[in-house]
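Student: One predicted model, sequence on top.
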Amino acid sequence: MSDANQGFVSKTILPPLPAPANEKGVAHWIRKNLLATPKDVVLTVIAITFLAWAIPHIVNWLFIEAAWSGTDRTFCATAVQGGIQPDGWSGACWAFVRAKFSIFMFGLYPPEQRWRPILVAILTVLIVGPLLIPSFPRKGLNALLAFIVLPIVSFFLLLGGFGLEVVETTRWGGLMVTLILSFVAIGVSIPFGIILALGRRSKMPVIRMLCVLFIEVIRGIPLITVLFMASVMLPLFLPQGWTMDKLLRAMVGVSLFTSAYMAEVIRGGLQAVPKGQFEGADSLGLGYWQKMRLIVLPQAIKLVIPGIVNTFIGMFKDTSLVSIINMFDLLGIVRQNFADGNWASAVTPITGLVFAGFIFWLFCFAMSRYSGFMERHLDTGHKR
């Protein structure tokens with residue numbers, strides 16, 4: 001470079017300039033996302049108009065005119081119906097939910113023994129919680145406690161034995177049954193789904209055929225059918241004099257159904273792993289199981305986290321179908337209590353369904369948020 005041109009070359013790095021005032025802030029976000037085109041303007045106006053009309057009515061029904069306390073239906077019914085509301089039905093009958101809350105949580109579990117499922121819930125949070133935190137140490141010990149020790153301890157705490165009163169599973173119900181079915185299905189479907197996915201990609205014709213047959217048969221029939229088969233037909237295959245608890249049959253049915261869908265999700269992840277990863281593992285002299293455990297499966301599972309969580313969310317909501325076989329999960333026991341004459345009113349059913357829907361949404365939203373957290377935590381090689 002000539003001496004004449006050296007004077008035009010800056011010898012210092014200029015500090016970064018702030019973004020233009022019209023390219024940041026709330027006004028910029030509104031202009032970019034809500035008012036960018038005439039179509040966006042029209043849709044925004046329609047949406048705001050609808051929300052301005054709907055939200056006050058919803059808030060008024062849910063909170064302002066709601067009956068928050070009471071001992072029977074008269075606190076939610078009109079004067080004509082024998083209630084205390086003079087000029088129309090009340091808003092949401094939260095008094096009904098408040099009166100039935102313990103039943104919605106535990107079913108017919110004896111009130112004096114409900115400390116046992118509460119203790120199981122606390123142990124689950126204390127043991128499974130650290131397992132879900134990536135930075136928490138001693139994952140091996142944590143997994144041992146979560147998948148071996150916790151199920152055994154929970155079984156005897158909930159069912160009884162060793163000095164505890166036996167509480168038959170026919171008395172279990174509510175959210176407790178929903179969570180038990182969900183946790184068991186999640187714990188079974190992941191390893192079983194991985195085995196089925198690997199079996200479907202196996203080079204052994206018999207293993208591949210059996211895995212394909214299982215997956216396609218289970219995926220081709222509704223969950224209700226699977227539950228009926230688990231409840232009615234499964235005992236027919238047991239030896240004479242043997243029996244199987246109805247809750248255990250439901251666990252088997254939901255777990256097998258979820259495993260079939262999980263297998264296809266995992267198989268999609270296996271197919272997304274580049275071929276070079278398989279060849280690189282082979283070049284290192286790794287065996288089949290070493291290659292899958294150390295190289296392939298960690299990448300495959302990371303790629304399909306959204307699909308895995310989506311399967312879990314669908315399964316969590318589908319547990320409500322166990323009411324078909326006379327088991328009362330959260331939704332089933334809420335609907336069962338609509339028949340209580342002491343709380344029969346026009347607003348009782350919708351209030352109970354809103355409560356059940358909110359509980360389902362709460363757990364599903366938590367799973368969705370955790371899925372997003374894990375995606376961001378593991379997104380090290382596919383950033384855009």
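Tutor: Nice, thanks for sending it over. Numbering: from 1, shown residues only.
Student: only C-alpha atoms for contact and neighbour calcs from this point on.
Tutor: Noted.
Student: Domains of this protein: list them as residue ranges, please.
Tutor: 102-172, 173-333 (automatic domain parsing).
Student: possible to save the ones you listed as CSV with mean pLDDT and distance to residue 344?
Tutor: Shown next, in CSV, are the domains of the chain (pLDDT from 0 to 100; distance: least, C-alpha to C-alpha, whole Å):
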stretch, mean pLDDT, distance to residue 344
domain 102-172, 94, 17
domain 173-333, 92, 15
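Student: Please identify which of the ones you listed is closest to residue 45.
Tutor: Evaluated over these, closeness to residue 45 peaks at domain 173-333, with 32.8 Å, by C-alpha to C-alpha.
Student: so how far is the first residue of that closest one from its last?
Tutor: 7 Å (C-alpha to C-alpha, to the nearest Å).
Student: Tabulate the domains of the chain in TSV, adding columns for distance to residue 66 and mean neighbour count.
Tutor: Formatted as TSV, the domains of the chain follow (distance: least, C-alpha to C-alpha, whole Å; neighbours: other C-alpha atoms under 10 Å):
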stretch	distance to residue 66	mean neighbour count
domain 102-172	20	15
domain 173-333	21	18
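Student: can you list the ones you listed in a markdown table and add distance to residue 340?
Tutor: Formatted as a markdown table, these follow (distance: least, C-alpha to C-alpha, whole Å):
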| stretch | distance to residue 340 |
| --- | --- |
| domain 102-172 | 13 |
| domain 173-333 | 12 |
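Student: right, and these - which one's nearest residue 56?
Tutor: Among those, domain 173-333 sits nearest to residue 56 (C-alpha to C-alpha), with 27.5 Å.
Student: name the helices or strands packed onto the longest helix seen in the chain?
Tutor: Longest among the helix segments of the chain by residue count, using DSSP state H, is helix 348-378. Where contact means 3 or more C-alpha pairs under 8 Å, 6 or more residues apart in numbering; DSSP states H and E, helix 348-378 is packed against helix 94-106, helix 305-318, helix 330-336.
Student: Out of those helices, which is closest to residue 144?
Tutor: helix 305-318 (21.9 Å).
Student: And the contacts of the closest one?
Tutor: Helix 305-318 has contacts (C-alpha atoms under 8 Å, 6 or more residues apart in numbering) with 178, 182, 186, 223, 254, 258, 261-262, 265-266, 360, 364, 367-368, 371, 374-375.
Student: So what angle separates the directions of it and helix 348-378?
Tutor: Relative orientation of helix 305-318 and helix 348-378, computed by axes from the mean of the first three to the mean of the last three C-alpha atoms, to 10 degrees: 160 degrees.
Student: centre of the chain versus helix 305-318, how much separation?
Tutor: Its chain's C-alpha centre and that of helix 305-318 lie 6 Å apart, by C-alpha atoms, centre = their mean, to the nearest Å.
Student: Same question for stretch 98-108.
Tutor: Using C-alpha atoms, centre = their mean, the offset of stretch 98-108 from its chain centre is 21 Å.
Student: what residues does it touch?
Tutor: In contact with stretch 98-108 (C-alpha under 8 Å, 6+ apart) are residues 68-69, 71, 114, 171-177, 328, 330, 333-334.
Student: Of all pairs in those residues, which one is the farthest apart?
Tutor: 68 and 171 (28.3 Å).
Student: Distance check, residue 145 against residue 131.
Tutor: Applying C-alpha to C-alpha, the value for residue 145 to residue 131 is 10 Å.
Student: With residue 95 instead?
Tutor: 38 Å.
Student: re earlier: nearest to residue 35, of the domains of the chain?
Tutor: domain 173-333 (31.3 Å).
Student: just so I know, which of the domains of the chain lies nearest residue 31?
Tutor: Nearest of those (C-alpha to C-alpha): domain 173-333, 31.2 Å.
Student: Three-state assignment for residue 36, please.
Tutor: Recorded secondary structure, residue 36: coil (DSSP: H, G, I helix; E, B strand; the rest coil).
Student: what about it, how many neighbours?
Tutor: 12 (other C-alpha atoms under 10 Å).
Student: so what pLDDT did it get?
Tutor: pLDDT for residue 36: 86.
Student: just the one 10 residues further on next, same as before
Tutor: The per-residue pLDDT reported for residue 46 equals 96.
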